[in-house]
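In: Next one to model:
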Amino acid sequence: MKIHSATEYFDEPLHLESGRILDSYKLIYETYGELNKKKSNTIIVFHALSGSHHAAGFYQGDKKPGWWDSLIGDGKKIDTKIYFVICVNVLGSCFGSTGPMSNGDKDSLRLKFPVITISDMVKSQMKLFSRLGIEKAHAIIGGSMGGMQALCCAVEYPSFTNRVISLASTYATQAWAIAFNRLAMEGIVNDSRFKNGHYKMSDFKKEGLFGFAVGRMAGHISFLSPLSMNSKFGRNYVETDGLYELFGRFQVERYMEYNGHSFAKRFDPLSYLYVIKAMNIFDASRNYDSLKDSLQHVKAKMTLIAFKEDKLFRPHEMEEIKNTLVNLGRGSHVNYICIDSIYGHDAFLIEFDKFDFYIEKALQE
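Out: Numbers count the residues shown, from 1 in each chain. From the prediction side, this is the model:
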């Protein structure tokens, strides 16, 4: 599989949904496979909150491949012998695109960085695709926040693709998810080491921001499910900890500690605040009279894949998109599947064998 990473610079203003303007910005992206002569074999993959443009393959020295490597590659369901796949790091993130800390310790905007919306993320990427000469994609696909971007693109750029695949996502972030994100926000901003955003980029590499780690632990609970936690951990205790030691831990506690603290070392806290803000305010119907009014702009066929035990974005939220399209007389243009999975929200990153067939089928139609 041919992998190529690049950064594109835009010395032009990006008018944001908030009314503010980014005078210039950059986007880092990764491509897999080769673009055909007609530039008609492109698949856009939108990444989720903690993801990046590195969706597949290995970087030198990596122990783990890109976050969707099980799906993307030569001979895989998103076959890079056939398709040219692009994944772009979103605005606001901390993995190379313009964000609150992207200009280094001295010149970064920090908390003066404007609030970015899902619509802004998609708008910036559309400018990149245009610059690359890609006027129409074979398909667009994304899970969680990536699914938000896919739906946003389908509504706001209806002629860009004929096929949209959205997994474990929603048409509007609900109170339950916003509440979990609030815990992370509180943990970050009230940690003394955060310094109201005036920290150094190197401050948390050895020891992550503690408040961020705790907030991430809470958020991570929403990515799982009671069934998956019981199946994976049960009531098993850490072998080296004493049962009657006050701070002795169950296996699930050790797992949460590891996940929270390791994440806080690799993800910038300001970027996290901005990206979860974008997710919180996402509502596909916000600039329209209703969800029905919003979805009537969609021209593409949609494949909506939900997961039974997803506690973050409940299956009925995806089903609402389907029902709205049916009520618009477009039932033949939408396929809704609820996967029987105990893994919760993270199932779209784990149980590939339960849904990859639907992706392959949608791409071939």
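
In: Quick check: chain neighbours aside, which residue is closest to the spatially most central residue of the chain?
Out: Nearest to the mean C-alpha position of the chain, counting by Cα atoms, centre = their mean, stands Ala48 at 0.9 Å. Nearest residue to Ala48 in three dimensions, chain neighbours excluded: Ser144, at 4.0 Å (Cβ to Cβ, 6 or more residues apart in numbering). Heads up, the C-betas are built off the backbone N, CA and C, glycines and all.

In: just checking, that neighbour touches Asp346?
Out: No. Judged on Cβ atoms under 8 Å, Ser144 makes no contact with Asp346 at a distance of 9.0 Å.

In: Now do the helices in the stretch 201-350 of the chain.
Out: Taking DSSP state H, counting those that start in this stretch, the helices of the stretch 201-350 of the chain run over residues 210-223, 226-232, 251-266, 269-280, 291-295, 315-327.

In: Please name the residues that touch the residue nearest to the centre of the chain.
Out: When contacts are counted by Cβ atoms under 8 Å, 6 or more residues apart in numbering, Ala48 touches Trp67, Gly142, Gly143, Ser144, Met145, Gly146, Leu349.

In: circling back: who has more neighbours, Ser144 and Asp346?
Out: Ser144 (27 against 22; other Cβ atoms under 10 Å).

In: just to revisit the earlier point, against Leu14, how distant is the residue nearest to Ala48?
Out: 24 Å (Cβ to Cβ, to the nearest Å).

In: Equivalent analysis for Lys76, please.
Out: 34 Å.

In: Quick check, Thr324 in contact with Asp293.
Out: No. Distance between Thr324 and Asp293: 9.8 Å, which falls outside the contact criterion (Cβ under 8 Å).

In: ends of stretch 166-177, how far apart?
Out: 18 Å (Cα to Cα, to the nearest Å).

In: can you pull the buried residues of stretch 67-83?
Out: 67-73, 76-80, 83 (16 or more other Cβ atoms under 10 Å).

In: Stretch 213-232 now?
Out: So for stretch 213-232, counting by 16+ other Cβ under 10 Å, buried means 213-225, 228-229.

In: what does stretch 156-169 give?
Out: Going by 16+ other Cβ under 10 Å, stretch 156-169 has these buried residues: Glu156, Tyr157, Phe160, Thr161, Arg163, Val164, Ile165, Ser166, Leu167, Ala168, Ser169.

In: Kindly reformat these as JSON lines containing secondary structure and distance to Leu35.
Out: As requested, these are exported to JSON lines (DSSP: H, G, I helix; E, B strand; the rest coil; distance: Cβ to Cβ, whole Å):
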{"residue": "Glu156", "secondary structure": "helix", "distance to Leu35": "24"}
{"residue": "Tyr157", "secondary structure": "coil", "distance to Leu35": "19"}
{"residue": "Phe160", "secondary structure": "coil", "distance to Leu35": "16"}
{"residue": "Thr161", "secondary structure": "strand", "distance to Leu35": "15"}
{"residue": "Arg163", "secondary structure": "strand", "distance to Leu35": "18"}
{"residue": "Val164", "secondary structure": "strand", "distance to Leu35": "20"}
{"residue": "Ile165", "secondary structure": "strand", "distance to Leu35": "20"}
{"residue": "Ser166", "secondary structure": "strand", "distance to Leu35": "24"}
{"residue": "Leu167", "secondary structure": "strand", "distance to Leu35": "25"}
{"residue": "Ala168", "secondary structure": "coil", "distance to Leu35": "29"}
{"residue": "Ser169", "secondary structure": "coil", "distance to Leu35": "27"}
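
In: which one of the residues you listed is nearest Met302?
Out: Nearest to Met302 out of those is Val164 (Cβ to Cβ; 4.8 Å).

In: Which pLDDT value goes with the closest one?
Out: If you check Val164, the pLDDT there is 98.

In: Report the beta-bridge partners for it.
Out: Ile140, Met302 (DSSP bridges).

In: show me the contacts for it.
Out: Contacts of Val164 (Cβ under 8 Å, 6+ apart): Ala139, Ile140, Ile141, Ala150, Leu151, Cys153, Ala154, Val298, Ala300, Lys301, Met302, Thr303.

In: quick one: it and Arg330, what's the gap?
Out: Applying Cβ to Cβ to Val164 and Arg330 gives a distance of 12 Å.

In: what do these two both touch?
Out: Common neighbours of Val164 and Arg330 (criterion: Cβ under 8 Å, 6+ apart): Val298.

In: any idea of the mean pLDDT in stretch 192-211?
Out: Stretch 192-211 comes out at a mean pLDDT of 96.

In: now it: how far from the chain's centre is it?
Out: Its chain's C-alpha centre and that of stretch 192-211 lie 24 Å apart, by Cα atoms, centre = their mean, to the nearest Å.

In: Going by neighbour count, which residues in that stretch are buried?
Out: Buried, per 16+ other Cβ under 10 Å, within stretch 192-211: Phe194, Gly197, Tyr199, Phe204, Gly208, Leu209, Phe210, Gly211.

In: do the same with stretch 238-246
Out: Per 16+ other Cβ under 10 Å, stretch 238-246 contains no buried residues.

In: And the nearest residue to Phe194 once chain neighbours are set aside, how far from Ala264?
Out: Leaving aside its sequence neighbours, Phe194 sits nearest to Ile188 (Cβ to Cβ, 6+ apart; 5.8 Å). To Ala264, Ile188 is 9 Å away according to Cβ to Cβ.

In: now Trp68
Out: Using Cβ to Cβ, we find Trp68 at a distance of 23 Å from Ala264.
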